[in-house]
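In: give me coordinates for this.
(chains A and B)
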Amino acid sequence: MALLEVDSVDVFYGRVRALQGVSIKVDEGEIVALIGSNGAGKTTTLRTISGLVRPARGAVRLAGKPIHTMGAEQIARMGIGHAPEGRRLFARMTVQENLDMGAYSRRDGAKIRHDFAWVYSLFPRLAERRRQLAGSLSGGEQQMVAIGRALMSRPRVLLLDEPSLGLAPILVDAIFDVIREINGEGTTILLIEQNALIALHTAARAYVLETGSVTLAGPASELLASADVQRAYLGM
Amino acid sequence: MSAATGSAVRGRRPAPRVRRRLRLGMSQGQFLGVLTAVFLILLLLMVVQDGAATAGNEVWRGLVLGAIYALIAVGYTLVYGIIELINFAHGDVFTMSAFYSVFLAGIPGVQEGFFKRFLGFDINHLASSGPGGLILALLIIFPIAMTLAGLTGVVIERVAYRRLRDAPRLAPLITAVGVSFLLEGIMFAFFVPPAPPGQPGLGTPGAAYPTGEDGWIPTTHVLLNIGGSHGVVIGANDTMVIVIALVAMFALAGFIRYSRTGKAMRASAQNRDAAQLCGININRTISATFFLGSALAAVGGVVYAMHYHTITWNQGYQFGLIAFTAAVLGGIGNIVGAGIGGFLIGLVEAFTVTLIPNGGSWALIVVFAVLILVLTLQPTGLLGMRVPDRA
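Out: The predicted structure is shown next:
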């Protein structure tokens, strides 16, 4: 059974259909990428999984259990961590406080301290800036806080929305190194990425979204080799 | 909110991405400078015109009133910070909590309180038995009145505002005005003496509710007398109002800064989606915000009932607007700012009363002129957000 399953989901914004019959499966321990152009429905898919948007039809299941009827805060407690589009940090709180909010629903003090150390070891820059207000950080540092905050809930599935957006190329590589490291330590990851090349090189499998529907799916290596993907997303 | 308590960015390098705002006026530093200069000049004028003793007494009176404004202003700022609603009913929650305290304690020689009637325990007697008894009486009255007011606030949000949370801004605003009228109507029905026979109407409009000669706790003795018998008189009652207000506000600021719920409140205020993604229950957090804001207004209401001679059923309207001005002056959304703004508005009233002939009737005009000036010159107030909102 897939750890996370999006099953024929339709989503509407008012009368506009944003997703149509989207089905995605993520197995335990995998990195799965969602690629596609602007407005294809990638962010909506993630927001539907984490409960910020309600599907009109279809279901979202975590380890077989339907979660699409729950509130976003309940879903977060079920073990879905989401580093959302645009980072959405608590700008007037410090880095430390932002990470602290990530662990909001946890009560295991000792393990939380251990995870602080873990996140700071993944992102040493954040350790230096822990007392700085999140709103005053650079784009790359803010992205680190967003990922770190999502990790602080010790999620079973981590959703990453455009982790490379607006970052310098060298930072993009660094962030993706950390993403692989997080995955290597056992966290399942579903990520959205504009940069299809790096996404397909990081993920085991990928889905291609076009105007609200999945048009292609398969192992990342196959998609990399596919002529359609190369033309549309890799600029070849 | 109170992450901005110490407000400056504490890191080594300056904030790189502070958004430039289009401003008619000046920087926050300049604003503070101008404000300080104006206050000093007015103070000097007062001393020259009326002598140091009168000036001192008026300033002290202004601070006492300001303490009450500050306590109410905090509630405005808390609620605005989290749901961007100007809760017009807040001033009436303040009045209502003054009535709660009267209902609980009664008025010596006029009306039996809840404690006397149902528990056979005279809390007024305890309060006037000495300093220890007074503190004990306050420790009984304050938590109960604060809880009642807090629940009032929670119910108001649940019934009137929650469904409108995603509605266009105007809808909850108008609703808030409606709730304000509703609360005033309830207080009118319960606390205004019935109309004399033969006269139309339900009650005697404008009739004030007596809280006894000196409020429900007689504490008129003088604590400190600066400059002899014609000098500045610091009354025990006055001092108590200010001390209680400061304790309550610092306690609240600490709660917002360090407690789990307080952090959840700040997080929800800054980014509601992200707060939910962290597992924060937004509804519960907003309820907590209303509870705390209303409880602080209750601190103001109870000290008001202790300190002043009458409570009027519709006084919350005026107190609310003045306290709202204080919150805007301090920087809406900032708790420390609301506290400072309250005291400043109290001083503005003191200046008005002494410097303008027949100044009492000008007080409101001057306060609202201040509101308009702040909104045009410095919409972010004294301590409004200086850090970028977006991240």
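In: okay, CA-based contacts and neighbour counts for the rest of this
Out: Noted.
In: what's A:A199 in contact with, if anything?
Out: With contact set as Cα atoms under 8 Å, 6 or more residues apart in numbering or on different chains, A:A199 has these partners: A:33, A:35, A:192-193.
In: I'd like those residues as a markdown table, with pLDDT and neighbour count appended.
Out: Converted to a markdown table, the contacts of A:A199 look like this (pLDDT from 0 to 100; neighbours: other Cα atoms under 10 Å in any protein chain shown):
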| residue | pLDDT | neighbour count |
| --- | --- | --- |
| A:A33 | 96 | 28 |
| A:I35 | 92 | 28 |
| A:I192 | 94 | 26 |
| A:E193 | 89 | 22 |
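In: would you turn those into JSON lines with secondary structure and distance to A:R131?
Out: Formatted as JSON lines, these follow (DSSP: H, G, I helix; E, B strand; the rest coil; distance: Cα to Cα, whole Å):
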{"residue": "A:A33", "secondary structure": "strand", "distance to A:R131": "33"}
{"residue": "A:I35", "secondary structure": "strand", "distance to A:R131": "35"}
{"residue": "A:I192", "secondary structure": "strand", "distance to A:R131": "30"}
{"residue": "A:E193", "secondary structure": "coil", "distance to A:R131": "30"}
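In: now, among the residues you listed, which is nearest to chain B?
Out: Nearest to chain B among those: A:I192, at 17.1 Å, using Cα to the nearest Cα.
In: show the backbone phi and psi for residue 231.
Out: All of this refers to chain A. Torsion angles at A:R231 (phi, psi; degrees, to the nearest 10) stand at phi -70, psi -50.
In: chain B is the one I meant
Out: Main-chain torsions, B:G231, degrees, to the nearest 10: phi -90, psi -160.
In: doesn't B:A55 make contact with it?
Out: No: here B:G231 does not reach B:A55: they are 9.9 Å apart, not a contact under Cα atoms under 8 Å.
In: between these two, which has more neighbouring residues?
Out: B:A55 (24 against 16; other Cα atoms under 10 Å in any protein chain shown).
In: is that one in a helix, a strand, or coil?
Out: Secondary structure, DSSP: H, G, I helix; E, B strand; the rest coil: B:A55 is helix.
In: that one and B:M46 touch, don't they?
Out: Yes: between B:A55 and B:M46 there is a contact under Cα under 8 Å: 5.6 Å.
In: report how many residues lie close to the residue of chain A found nearest chain B.
Out: Closest residue of chain A to chain B, Cα to the nearest Cα: A:E73 (3.9 Å). Using other Cα under 10 Å, the number of residues around A:E73 comes to 23.
In: can you check A:E222 too?
Out: Neighbourhood size, A:E222 [other Cα under 10 Å]: 14.
In: overlap of the contact sets of B:A55 and B:M46?
Out: B:T354.
In: gap between the longest helix along chain A and the chain center?
Out: In chain A, taking DSSP state H as the definition, the longest helix is helix A:169-184. Centroid separation for helix A:169-184 versus its chain: 13 Å, with Cα atoms, centre = their mean, to the nearest Å.
In: count the neighbours of B:V328 for me.
Out: Residues lying near B:V328 (other Cα under 10 Å) number 31.
In: oh, I was asking about B:A267
Out: The burial count for B:A267: 30, using other Cα under 10 Å.
In: next one, pLDDT for it please.
Out: Model confidence at B:A267, given as pLDDT, is 95.
In: ok, B:R386 next?
Out: Looking at B:R386, its pLDDT reads 50.
In: so where do the strands sit in chain B?
Out: B:106-107, B:111-112, B:209-210, B:213-216, B:222-226, B:232-235, B:310-311 (DSSP state E).
In: skipping its backbone neighbours, what lies nearest whatever residue of the stretch 51-200 of chain B ends up closest to chain A in space?
Out: Relative to chain A, the nearest point of the stretch 51-200 of chain B is B:G81 (12.3 Å; Cα to the nearest Cα). Nearest residue to B:G81, sequence neighbours excluded (Cα to Cα, 6 or more residues apart in numbering or on different chains): B:G333, at 4.4 Å.
In: quick check: the gap between that neighbour and A:A127.
Out: Applying Cα to Cα, to the nearest Å, the value for B:G333 to A:A127 is 29 Å.
In: these two: which has the busier surroundings?
Out: Taking other Cα under 10 Å, B:G333 and A:A127 do not tie; B:G333 has more neighbours (29 against 16).
In: how near is the more buried one to B:D273?
Out: From B:G333 over to B:D273 (counting by Cα to Cα), the distance is 19 Å.
In: what about stretch B:44-52, average pLDDT?
Out: 88.
In: how about the helices in chain B?
Out: B:28-83, B:90-105, B:114-119, B:123-127, B:131-156, B:170-191, B:236-258, B:260-270, B:272-277, B:282-307, B:315-330, B:335-355, B:363-377.
In: before we move on, back to that, for the longest helix of chain A, buried residues please.
Out: By 16 or more other Cα atoms under 10 Å in any protein chain shown, the buried positions in helix A:169-184 come out as A:172, A:175-176, A:178-180, A:182-183.
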